[in-house]
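> show me the folded form of this:
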Amino acid sequence: MRIGILQCGQAPAELKQDMGDYPDMFVRLLDGRGFQFRTWHVEEMEFPASVHDADGWLLTGSRHGAYEDHAFIPPLERFIRDAYDAAVPMVGICFGHQIIAQALGGTVVKHPDGWAVGTHDYDFGGDTVRLNAWHQDQVVVLPKDAQVAGRNEFCQNAALIYGDRAFTVQAHPEFSDDFIRGLMDKRGQGVVPQPLLDRASDRMGEPKGSAALADQIEAFFKQPRAISRGAA
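Predicted structure coming up:
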């Protein structure tokens, strides 16, 4: 199965050499599951010619806000709507989760309760999944087709499912503790409140449910679907 990665942002330059960029992290997360990958760097205005250039699309995180004025956001929203209408499945992570919601009629805001950083526990239909997080923005109004698939007290819309067309998650199953530590050092100091950084440090090393989330992503992409009609 061909998965197109739509790269919406970049890892800090100081971390790329040792840990790779965002597409590399998703390739590692989904390794051995029968997927083939190709990346389009949409943040740099590199877009696929058609929503049918892949069998499914994976949208990465980004330092940008979905509601900000960046050149790549309007064409990315159009691509999302075209893929959705054509029933080409999409998975969105963090910014990807937010931009899919916004493109389909939801609302994303810089949340007044602030940041989620490091290890957090999420309720996925009664199952607790522990994942790393790094975000201040949240989806606060759902698109009409979205249903909540995961939540916690801080983030009520932490995972959304749109039938068989999209599955999105606010947290980062692809982020290791080492990468979170790097973000804390390179992007968090003086930006994220120190008590949150301290709490994240205290929870470093706790086992994560990234493999369980990868299972969900795999199952979502591979579920049987009717043949899509039309093209973007």
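> got a list of what the residue most central in space within the chain touches?
Nearest to the centroid of the C-alpha atoms of the chain, with distances taken as CA atoms, centre = their mean, sits I93, at 0.6 Å. By CB atoms under 8 Å, 6 or more residues apart in numbering, the contact set of I93 is F26, L58, L59, T60, G61, T168, V169, A171, H172, P173, E174. (C-beta placed from N, C-alpha, C; glycine too.)
> and which of these is nearest V42?
Nearest to V42 among these: L59, at 8.3 Å, using CB to CB.
> run through the helices of the chain in chain order.
13-19, 22-29, 73-85, 95-103, 177-183, 194-202, 210-222 (DSSP state H).
> now do the end-to-end distance for stretch 144-161.
11 Å (CA to CA, to the nearest Å).
> contacting residues around that stretch?
Residues outside stretch 144-161 that contact it (CB under 8 Å, 6+ apart): 97, 100-101, 104-106, 113, 116, 120-125, 129, 133, 138-140, 142, 162-163, 165-171.
> repeat that with 6 Å
A116, Y122, D123, F124, Q138, V139, Y162, F167, T168, V169, Q170 (CB atoms under 6 Å, 6 or more residues apart in numbering).
> likewise stretch 62-73?
C8, G9, V42, E43, M45, F95, Q98, I99, Q102, V108, D137.
> whichever of the residues you listed end up buried, select them in ChimeraX.
Buried residues within these, by 16 or more other CB atoms under 10 Å, are selected in ChimeraX with:
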select :8,9,42,43,95,98,99,102,108,137
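> which of the contacts of stretch 62-73 sits closest to P193?
So of these, ranked by how close each gets to P193 (CB to CB), first place is D137, at 16.2 Å.
> show me the beta-bridge partners of the closest one.
In this entry, D137 is beta-bridged to K110, by DSSP bridges.
> ok, it - contacts?
With CB under 6 Å, 6+ apart, D137 has these contacts: G65, Q98, V108, K110.
> picking up where we left off before, let's have the contacts of I93 in JSON lines, adding pLDDT, distance to A71 and neighbour count.
What follows is those, written out as JSON lines (pLDDT from 0 to 100; distance: CB to CB, whole Å; neighbours: other CB atoms under 10 Å):
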{"residue": "F26", "pLDDT": "98", "distance to A71": "24", "neighbour count": "26"}
{"residue": "L58", "pLDDT": "99", "distance to A71": "21", "neighbour count": "27"}
{"residue": "L59", "pLDDT": "99", "distance to A71": "17", "neighbour count": "28"}
{"residue": "T60", "pLDDT": "98", "distance to A71": "17", "neighbour count": "28"}
{"residue": "G61", "pLDDT": "98", "distance to A71": "18", "neighbour count": "26"}
{"residue": "T168", "pLDDT": "98", "distance to A71": "23", "neighbour count": "26"}
{"residue": "V169", "pLDDT": "98", "distance to A71": "26", "neighbour count": "25"}
{"residue": "A171", "pLDDT": "98", "distance to A71": "28", "neighbour count": "30"}
{"residue": "H172", "pLDDT": "98", "distance to A71": "25", "neighbour count": "25"}
{"residue": "P173", "pLDDT": "98", "distance to A71": "29", "neighbour count": "22"}
{"residue": "E174", "pLDDT": "98", "distance to A71": "25", "neighbour count": "26"}
